[in-house]
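A.B. asks: no sequence on hand, only this structure:
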């Protein structure tokens, strides 16, 4: 009888161990194996991409070219403040004077408008009032050169303040904005 009981319980024990082993393999080991295989494939892809990037001179040259172009664009946007020792108003005046001279306009006056720079929405910009005189067609060429030139400018307002008679050429007043250097970086740091 003892033998019969042992056989009966041994069979149930073996069957229960097989069932538990199968459930453990199906529910625990198989999902873990799939996750490990997925991470191994990802690791191989990352290693391949890294090897490709570090060994390809064309890729490194394209990164260097992109960085150089970004720096040139940044300098075109912040051109007024490129030289920290130079006065931004003088840099602006020199540029506007050369563009006006090329377009046969007389630069009458340039003034930095302080009240606009104190407004929060304009705090990232220098704001100048520029007065020019000369033929209207020359003014159009002047504006086109400013708008399509490398140096970033915003012409916010244009008005004619004098002129109209045959002997006197009109005086044009433009409100021009230029980006300040570094204000955007300071604001992004303080907002974090």
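C.D. replies: Yes, it's here. The structure displayed is predicted, hence computed values, not measured ones.

A.B. asks: starting at the chain centroid, how far to the top helix by length along the chain?
C.D. replies: Of all segments of type helix in the chain, defined using DSSP state H, the longest is helix 30-55. A distance of 31 Å separates the centroid of the chain from that of helix 30-55, by Cα atoms, centre = their mean, to the nearest Å.

A.B. asks: then stretch 8-15?
C.D. replies: 71 Å.

A.B. asks: tell me the mean pLDDT for it?
C.D. replies: Taken as a whole, stretch 8-15 has a mean pLDDT of 82.

A.B. asks: who does the helix or strand just after the longest helix of the chain touch, helix- and strand-wise?
C.D. replies: For helix 30-55, the following helix or strand on the C-terminal side (DSSP states H and E) is helix 57-77. If you count contacts as 3 or more Cβ pairs under 8 Å, 6 or more residues apart in numbering; DSSP states H and E, helix 57-77 packs onto helix 30-55. Just so you know, the C-beta spots here come from the backbone N, C-alpha and C atoms, and that holds for glycine as well.

A.B. asks: got the angle between the helix it packs on and helix 57-77?
C.D. replies: 70 degrees (axes from the mean of the first three to the mean of the last three Cα atoms, to 10 degrees).

A.B. asks: helices or strands next to helix 30-55 in the packing?
C.D. replies: helix 57-77.

A.B. asks: what residues does the next helix or strand after the helix it packs on touch?
C.D. replies: Per DSSP H and E, the first helix or strand lying C-terminal to helix 57-77 is helix 88-102. Applying Cβ atoms under 8 Å, 6 or more residues apart in numbering, the external contacts of helix 88-102 come out as 79-83, 106-107, 110, 112, 126, 128, 130, 132, 134, 142, 145-146, 149, 151, 176, 178, 180.

A.B. asks: again with stretch 53-67
C.D. replies: With Cβ under 8 Å, 6+ apart, stretch 53-67 has contacts from residue 52.
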